[in-house]
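# Have a look; sequence and predicted model below, questions after that.
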Amino acid sequence: MAEEKVIKGLCGICPSGCGVEILMEDEKIKKIKPLKGHPLGITCTRGVHSSEIVYSPDRLIRPMKRIGQRGEGRFQNISWEEAYDFVANLIRNVVEKYGASAMAIYSGRGGFEQSLIDMFSTGGQDPISLNFLFPLGSPNNFSCSSLCNNSHRVLAPMTTLGAPYDRLFPDFENARCIIVWGANPATDSPPIYMKKIVEAKRMGVKLIAIDPIKTYTAKIADEWIGIRPGTDGALALGIANQMFEKGIYDTSFADDWVHGLSEFREYVKKFSPKEVEKITWVNTEKIEMLTNEITKPRTTLVLHTGLEYTNSGLQNIRAVLTLWALSGNLDRPGGLVFRMPQSSKLRRNRIDPPSGKKPIGHDRYPLFCDINRSGHFMEIPRAILQGDPYFIKGLIILGSSIITAYPNPNLWKKCFESLDCLIVIDRFLTNEALYADVVLPATTMYEIKSYKRYPGHISFREKIIPPVGEARNDYLILANLAKALGYGELYPQSEDEMLEFVFGQSDISIEELKSHSEGLSLNPSPMVYEKYKKGLLRRDKKPGFETPSGRFEISSNLLKRYGYDPLPIYNEPIEGPIHSPELAKEFPLILTTGSRIQSTFRSQHLNIPGLLRLQDKPNILIHPEDAHKRGIKDGDRVFVKTRRGKVTFYAKVTDKIIKGVIEANMGGGGPIQPKEWREANVNELTDFENRDPISGFPVFKALLCEVEKE
């Protein structure tokens, strides 16, 4: 008879650290369910399929060394000792031949594990950009923040209110109205906001969703505002126009705590409701309704990455944040609220970057690089292929698939073919691994001992199962590799040593943390609103915001210092019907990509049978009128075409997307995916050069395309 037991712990599939009860059968994970009492006691579709992912036959379980040509994917198994020696020699050869700055490291969404973040901290605002190569003398640390989340989480809020976005949260419990803008909490990770929104709806709270797609969040909303992709900034400026016109903004806050009010007021005069309707496709009645709702007390905001991916993505986000400041709903009950300061003495292993050369990308995106203490990965192809501003010859990729995530897959393949040294650390075989000299197998987070910090909370991450095969903890792989390179003393060399380093001087003991499956609070202080009046937002404890002026900066001093427009200006998408009307005749539909689906985690899990049953083919969403005009029926194979190429998808004809827009699934193009997904890399359609000028993010959500039935 099978032996069963239940373990309370954390889900190990993604970095969110949701509290779960894990049903074990014969020492293997069988299934999970939410852990009551944990602040993230919730499970998502991917977590439910934990056992399939952990025990997948596709898991990488042994170190492998390339024996064929780059791109062939032919390897032989080697021991960990051989792997460390071989990798260390590859890196030394690059350093001896080209200098330390020729080595680079990139960390993706698979690198969000807490000990990895804390033990390899750079001290910058990008938590997953790792300091691993700093002791070697290279400034070239990169992460997926070069194209995801950083505009929303770091650049826009830091240049406006002096804090990263994770210092803010929607005050759901006291809200009268929730506005979800460019986000779908139902598919976010973790899905805790969706749970709170549903609870708020039951209590009679109004819900408004602004999105070109009628997501599940929009479906349950009282109002769905369908908007042309890339024009959210214009909508926000139009609402600000009406706030000034009608005199319904918070004059007291504006006078006392805002920098740049008069310039902004002048700028938004040209964004009349009729003009904004032409730009955004949102009619004047809905603009008026939004203005009225946002300016009422207790209106909160759920904002995520949907606004980042256009030519004024960062400024779009700043414009939306400005509405919450001017409406009187910033850090007031029921609004968008700052978290209370945390109290703990948990240590991070911060190592500063070496002096000398700037990281790759600093010449083009200096604000991004300085604020994050990292390079910008969108600029690394010119360094690899042209030596501009200097050559990159070696690259470590941890937990990421560049070729499925970034525009122009063929450019990246050319880059990987040109390297002297490519090391991949991952759980599954990626495109990049096919080009690697060495592939190192990583564990899931069910297979490690660590901890997880949340805003105001911390939990212990117990090792639920031993590592599958010979897989190792990502953190230990890098720490042990540092030892092979001669600087292992900078990083604890075991999980127990790492935990002692973090908690050794803390007011929280490891044993105490282990004994509380629901975790422990780092926020004993009761909530205080209007913290800017009480010195709770600034390091010097003075009233105000942590900005150069001490105020909420509609006109950003930091942006001005770096040579950017200080106001949250709106730029029309370069590849759009207004800016490029001739191109729009050939490609009349707007292409938006990257909307998340329940079964995947970016490009991950498209090899898991249970998740593929939820969606086995890559889809586009297309409006019935657009489909009818092209003779397309639901389920048809179709070509999506842009100036850059064409890719095959399957049509999902639905009124859950506005007319004139299609959404194409991202994540396809990986080597272990089913044929339909493997042949559907949407980034063959996106544009490598079309970017936000401040963040450097590619424009993923405002391109022109056409759809044809195959």
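That came through fine. Numbers count the residues shown, from 1 in each chain.

# How many residues are close by residue 686?
Neighbourhood size, residue 686 [other Cβ atoms under 10 Å]: 26. Just so you know, the C-beta spots here come from the backbone N, C-alpha and C atoms, and that holds for glycine as well.

# Now do the same contact list for it.
Listed by Cβ atoms under 8 Å, 6 or more residues apart in numbering, the contact set of residue 686 reads 407-408, 593, 642, 644, 698-700, 703.

# and of these, the nearest to residue 70?
residue 408 (18.1 Å; Cβ to Cβ).

# ok, that closest one touching residue 683?
Yes - in terms of Cβ atoms under 8 Å, residue 408 counts as a neighbour of residue 683; the distance is 6.9 Å.

# Where does pLDDT dip in the stretch 501-650 of the chain?
524 (pLDDT under 70).

# which one of the contacts of residue 686 sits closest to residue 555?
Of the contacts of residue 686, the one sitting nearest to residue 555 (Cβ to Cβ) turns out to be residue 699, at 25.3 Å.

# Spatially nearest residue to that closest one (excluding sequence neighbours)?
Excluding the flanking residues, the one nearest residue 699 by Cβ to Cβ, 6 or more residues apart in numbering is residue 690, at 4.5 Å.

# Next: residue 226.
That would be residue 658: by Cβ to Cβ, 6+ apart, it lies 3.9 Å from residue 226.

# burial count for the one you found?
Counted with other Cβ under 10 Å, residue 658 comes out at 22.

# ok, it touching residue 281?
Yes - the criterion here is Cβ under 8 Å, and residue 658 meets it with residue 281 at 7.0 Å.

# joint contacts of these two?
226-228.

# Show the contacting residues for residue 243.
By Cβ under 8 Å, 6+ apart, the neighbours of residue 243 are 249, 291, 294-295, 323, 326-327.

# Show me what stretch 166-175 is in contact with.
153, 157, 178, 193, 196-197, 199-200, 205, 298-302, 333-339, 455.

# For the longest strand seen in the chain, which helices and strands make contact with it?
Determined from DSSP state E, the single longest strand within the chain is strand 645-653. Helices and strands touching strand 645-653, by 3 or more Cβ pairs under 8 Å, 6 or more residues apart in numbering; DSSP states H and E, are strand 619-622, helix 624-629, strand 637-642.

# for these, which one ends up most surrounded?
Sort the helices and strands packed on strand 645-653 by mean neighbour count, taking mean count of other Cβ atoms under 10 Å, and strand 619-622 sits at the top with a mean of 24.

# who does that one pair up with?
strand 645-653 (parallel), strand 661-664 (antiparallel) (DSSP bridges).

# Specify the next element, helix or strand, located C-terminal of the helix or strand containing residue 242.
Using DSSP states H and E, residue 242 sits in helix 232-246. Under the assignment DSSP H and E, the closest C-terminal helix or strand after helix 232-246 is helix 251-257.

# In PDB, list the C-alpha atoms belonging to that following helix.
Below are the C-alpha coordinates for helix 251-257, written out as PDB (Å, rounded to 0.1, in the frame of the first residue of the first chain):
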ATOM      1  CA  THR A 251      -5.700  71.100  -5.100                       C
ATOM      2  CA  SER A 252      -4.300  70.700  -1.600                       C
ATOM      3  CA  PHE A 253      -2.100  67.700  -2.500                       C
ATOM      4  CA  ALA A 254      -1.200  69.300  -5.800                       C
ATOM      5  CA  ASP A 255      -0.100  72.600  -4.200                       C
ATOM      6  CA  ASP A 256       1.800  71.100  -1.300                       C
ATOM      7  CA  TRP A 257       3.300  67.900  -2.700                       C
END
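
# mind showing which ranges of the stretch 1-150 of the chain have poor pLDDT?
1.

# which residues touch stretch 307-317?
148-149, 151-152, 155-157, 159, 181-182, 229-230, 232-233, 236, 303, 320, 565, 567-574, 594, 690-695, 697-702.

# Just the strands from the stretch 51-200 of the chain, written as ranges.
64-66, 75-77, 103-107, 141-143, 168-170, 177-181 (DSSP state E, counting those that start in this stretch).
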